[in-house]
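A.B. asks: Let's see this in three dimensions:
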Amino acid sequence: MSITIQIAWLFLLAIPIACVAWTVTHEEIFKEPRDYCVKRCVAGKSLLERKFFYLFTCEYCFSHYATIAFLCLTGYKLLLDDWRGYVIAGFALVWIANVYMSLFAFIRQEIKKEQTAIEVLEQKVKD
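C.D. replies: Predicted coordinates for the structure are as follows:
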């Protein structure tokens with residue numbers, strides 16, 4: 001596979017990884033399991049238990065596991081054709097996916113800020 005195709009795969013494959021990681025760690029559909037994990041990561045008796053449940057509350061941490069799943073699913077390798085290509089691809093995909101999630105969080109924050117400003121203006125107009 002040419003380097004151009006590998007780079008294209010890198011940026012495209014990071015999209016579903018970011019989507020899965022963000023959805024599990026932030027969206028309302030997983031709120032109850034996430035709340036349970038938050039409780040367990042705070043009140044867990046062992047370090048291993050606390051760290052295991054923390055995994056489901058942190059998008060960066062969870063993106064590593066989502067990346068491993070997508071690497072197994074696709075067999076994507078970056079730069080090298082042996083096991084080292086999987087390692088390089090894994091870290092590159094995690095990094096790109098987290099850049100995507102940071103941009104998404106920033107955009108959502110800006111949208112919420114604009115909505116709040118609109119609500120304040122509407123309230124001033126009513127008063």
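
A.B. asks: State the number of residues packed around Gln6.
C.D. replies: By the criterion of other CB atoms under 10 Å, Gln6 has 17 neighbours. The way it works is simple: take the backbone N, C-alpha and C, and place the C-beta from them, glycine included.

A.B. asks: if you skip the residues just before and after it, what's nearest to it?
C.D. replies: Leu78 (5.6 Å; CB to CB, 6 or more residues apart in numbering).

A.B. asks: show me the contacts for His26.
C.D. replies: Glu59 (CB atoms under 8 Å, 6 or more residues apart in numbering).

A.B. asks: Also Val99?
C.D. replies: With CB under 8 Å, 6+ apart, Val99 has these contacts: Ala14.

A.B. asks: any idea which helix or strand carries it?
C.D. replies: Take DSSP states H and E as the rule and Val99 turns out to sit in helix 83-126.

A.B. asks: Give me the average confidence score over that helix.
C.D. replies: The pLDDT scores in helix 83-126 average 94.

A.B. asks: Figure out how far that helix is from the centre of its chain.
C.D. replies: Averaging C-alpha positions (CA atoms, centre = their mean, to the nearest Å) puts helix 83-126 10 Å from its chain's average.

A.B. asks: And for stretch 23-30?
C.D. replies: 10 Å.

A.B. asks: That stretch: which residues count as buried?
C.D. replies: Val24, Thr25, His26 (16 or more other CB atoms under 10 Å).

A.B. asks: likewise stretch 80-99?
C.D. replies: Applying 16+ other CB under 10 Å to stretch 80-99 flags Gly85, Tyr86, Ile88, Ala89, Gly90, Ala92, Leu93, Val94, Ile96, Ala97, Asn98 as buried.

A.B. asks: what's the answer for stretch 59-74, then?
C.D. replies: Applying 16+ other CB under 10 Å to stretch 59-74 flags Glu59, Phe62, Ser63, His64, Tyr65, Ala66, Thr67, Phe70, Leu71 as buried.
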